[in-house]
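**Student:** Build me a model:
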Amino acid sequence: AVRRRWPLTVLGLAVAASVASMAGGEPRAAAIPAAAIAAYTVAATRPRPVAWAIGTAAALVLYGASLRWPGGMWPGADWWDRGNAGVLALVGMAVAVGDALRTRRAYLAAVEERARRAEQSREEEAQRLVMEERLRIARELHDVVAHNLALISVQAGVATHLMESNPGKATAALGHVRDAANAAVDELGAVLAVLRQNGDPDGTTEPAPGLGNLPSLLDTVAAAGLRVRYNQAGPARPLPAATELAAYRIVQEALTNASKHGGGGADLDLTYTPEGLGIEVTNPLANQADGPSAAGTGHGLVGMRERATAAGGHLQAGPEGPDRFVVRAFLAGPAQPEGAA
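**Tutor:** Okay, the predicted model is just below:
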């Protein structure tokens, strides 16, 4: 019990006791084993250079004592006698076994540590993927809800204003409210379908919206009272699905902001280049104080920037001059190969 706590001290005492025992006439076979066990413990608990240096010193001391007081079966034997050489061999084997045990323990500890770190890395990667998926779903929910609720708010205000003076237009505005609400429900269902577990019924197969849905979006904002002047430069071409989705959501959010904060009109310019797609949405500000922050601290502008970055591009949004707000984005997107989905 003591040698495991103070192995160097115990080895020194064991060597001293062995030397004293041999000096008193005891045979080597009775004096050496205790020192060998202590040398094994030193090698099993101390670094290799320290273990071998101390083990060599202990073996030489015991070897010298064995030459000085041979005792046992071969009194007066020479330095090459097998009994004297056995002292060196026994201590050397004890140190070698202890060193091998320490090395194996260190190897097993390193393997366990690598396995623990690998497991931790897998858990961290899984958590990162979960957080990314949550952020993606949150962006989709924000885009769907913010756009449709903005249209509902505008049309509800129109209906309230015209209820007495022009019931026909008020009824039409309420119809737009109903359509926007239905569209919001449908899009929310499509977004939330990704949360279904495998095997759940009624999974959606509807593709994510893209620039092909742009005419429908323009019709929707036009019904809400936003006049959009649309211009396209360069021939349209298929883009990667992620780029198409990012472009659609950026245009949707920019037009939603224009509808809420603008002066009733907006310009939408799409520019197709070999490197990707340029987007610019410009609208007059009806009230500068009510417009989006130039720094882009709103969730909508933050979401647009994240989408542009995820699509390998960039986005800038802010006032230009005293009465105009501009959203400019570029999304990297080479053409899809023929037959790509």
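
**Student:** tell me what the helix or strand where S216 lies is packed against?
**Tutor:** Assigned by DSSP states H and E, S216 belongs to helix 214-223. If you count contacts as 3 or more Cβ pairs under 8 Å, 6 or more residues apart in numbering; DSSP states H and E, helix 214-223 packs onto helix 82-162, helix 167-192, strand 227-233, helix 241-261. Any C-beta I mention is one placed from the backbone N, CA and C, and that applies to glycine too.

**Student:** Could you single out the most deeply buried of those?
**Tutor:** helix 241-261 (a mean of 24; mean count of other Cβ atoms under 10 Å).

**Student:** which residues are contacting the helix holding S216?
**Tutor:** Contact with helix 214-223 is made by 151, 155, 176, 179-180, 183, 228, 230, 248, 251-252, 255-256, 259, 268, as judged by Cβ atoms under 8 Å, 6 or more residues apart in numbering.

**Student:** Pull that helix out as CSV, backbone CA atoms only.
**Tutor:** Extracted in CSV, the C-alpha atoms of helix 214-223 (Å, rounded to 0.1, in the frame of the first residue of the first chain):
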residue,chain,number,x,y,z
LEU,A,214,-42.6,35.6,-59.2
PRO,A,215,-45.6,36.5,-61.4
SER,A,216,-47.9,35.2,-58.7
LEU,A,217,-46.1,37.2,-56.1
LEU,A,218,-46.3,40.4,-58.1
ASP,A,219,-50.0,39.8,-58.6
THR,A,220,-50.4,39.4,-54.9
VAL,A,221,-48.6,42.7,-54.0
ALA,A,222,-50.4,44.5,-56.8
ALA,A,223,-53.7,43.4,-55.2
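
**Student:** buried ones in that helix?
**Tutor:** Neighbour counts over helix 214-223 (16 or more other Cβ atoms under 10 Å) mark L214, L217, L218, T220, V221, A223 as buried.

**Student:** got the residues you listed as a markdown table, with distance to A138 and pLDDT columns?
**Tutor:** Shown next, in a markdown table, are those (distance: Cβ to Cβ, whole Å; pLDDT from 0 to 100):
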| residue | distance to A138 | pLDDT |
| --- | --- | --- |
| L214 | 24 | 88 |
| L217 | 21 | 86 |
| L218 | 26 | 88 |
| T220 | 23 | 82 |
| V221 | 23 | 83 |
| A223 | 27 | 79 |
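
**Student:** List just the nearest of these to G234.
**Tutor:** Distance to G234 across those (Cβ to Cβ) is lowest for L214, with 15.1 Å.

**Student:** returning to what we had before: mind putting the helices and strands packed on helix 214-223 into JSON lines with mean pLDDT?
**Tutor:** Formatted as JSON lines, the helices and strands packed on helix 214-223 follow (pLDDT from 0 to 100):
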{"stretch": "helix 82-162", "mean pLDDT": "78"}
{"stretch": "helix 167-192", "mean pLDDT": "73"}
{"stretch": "strand 227-233", "mean pLDDT": "91"}
{"stretch": "helix 241-261", "mean pLDDT": "86"}
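
**Student:** mind putting those in JSON lines, distance to N283 included?
**Tutor:** As requested, these are arranged in JSON lines below (distance: least, Cβ to Cβ, whole Å):
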{"stretch": "helix 82-162", "distance to N283": "13"}
{"stretch": "helix 167-192", "distance to N283": "20"}
{"stretch": "strand 227-233", "distance to N283": "9"}
{"stretch": "helix 241-261", "distance to N283": "4"}
